[in-house]
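Enquirer: Test case, fold it:
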Amino acid sequence: MPRLDHLGIAVRSLARAKGIYENLGLSISPEELVEGEQVRVVMIPLGGTRLELLEPTAENSVIAKFLAKRGEGLHHICLRVPDLGAAVEKLKRDGVRLTSEQIKVGAGGHRYVFVHPASAGGVLLELVEGP
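Expert: The predicted structure follows:
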């Protein structure tokens, strides 16, 4: 059964963005570089889910382009599924559009794929594998 894994938030500066969460007494993971996505990320555990802050490391990265077009804010919603391969195959059979045909490896070594907003009610939906 899928469940909410995290909310991805695009920020211009992790250093600035972390402040509000630290002031609220939340713990913040060490920064992690995800070279394939050209971002630096931190995770903030929050109850049974997390917030993911994403800072671009290159001007042509997806997050940099998002920031230029829309500014800082909610970038994506991530659902955790038990079998990512099976979920992707089912979505493809049902004609769901993905942003990439291949499953990638991201922060924390998690396997993931994004569902295009055109197939998810205007929301960029990330699927990540896990229990």
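Enquirer: ranges for the strands of the chain?
Expert: Under the criterion DSSP state E, strands of the chain are mapped to 3-10, 32-34, 39-46, 49-56, 73-81, 104-105, 111-115, 125-129.
Enquirer: ranking those by mean pLDDT, which is last?
Expert: Note on the strands of the chain: lowest mean pLDDT is at strand 104-105, with a mean of 92.
Enquirer: among the strands of the chain, which is nearest residue 65?
Expert: Nearest to residue 65, of all those, is strand 49-56, at 8.4 Å by C-beta to C-beta. All C-beta spots, glycine's among them, are computed from the backbone N, C-alpha and C.
Enquirer: sorry, back to before: let me know which of the strands of the chain is the nearest to residue 67.
Expert: strand 3-10 (5.5 Å).
Enquirer: sorry, back to before: nearest to residue 97, of the strands of the chain?
Expert: Of all those, strand 111-115 sits nearest to residue 97, with 7.3 Å by C-beta to C-beta.
Enquirer: Can you mark which positions in the closest one are buried?
Expert: For strand 111-115, the neighbour count (16 or more other C-beta atoms under 10 Å) marks 112-115 as buried.
Enquirer: burial measure for residue 51, as a count.
Expert: Look at residue 51: counted by other C-beta atoms under 10 Å, it has 18 neighbours.
Enquirer: The nearest residue to it once chain neighbours are set aside and residue 1, how far apart?
Expert: Distances taken as C-beta to C-beta, 6 or more residues apart in numbering put residue 44 closest to residue 51, at 4.3 Å, once the chain neighbours are dropped. Residue 44 sits 24 Å away from residue 1 when distances are taken as C-beta to C-beta, to the nearest Å.
Enquirer: Those two: which has the busier surroundings?
Expert: The residue with more neighbours, out of residue 44 and residue 1, is residue 44; 21 against 5, by other C-beta under 10 Å.
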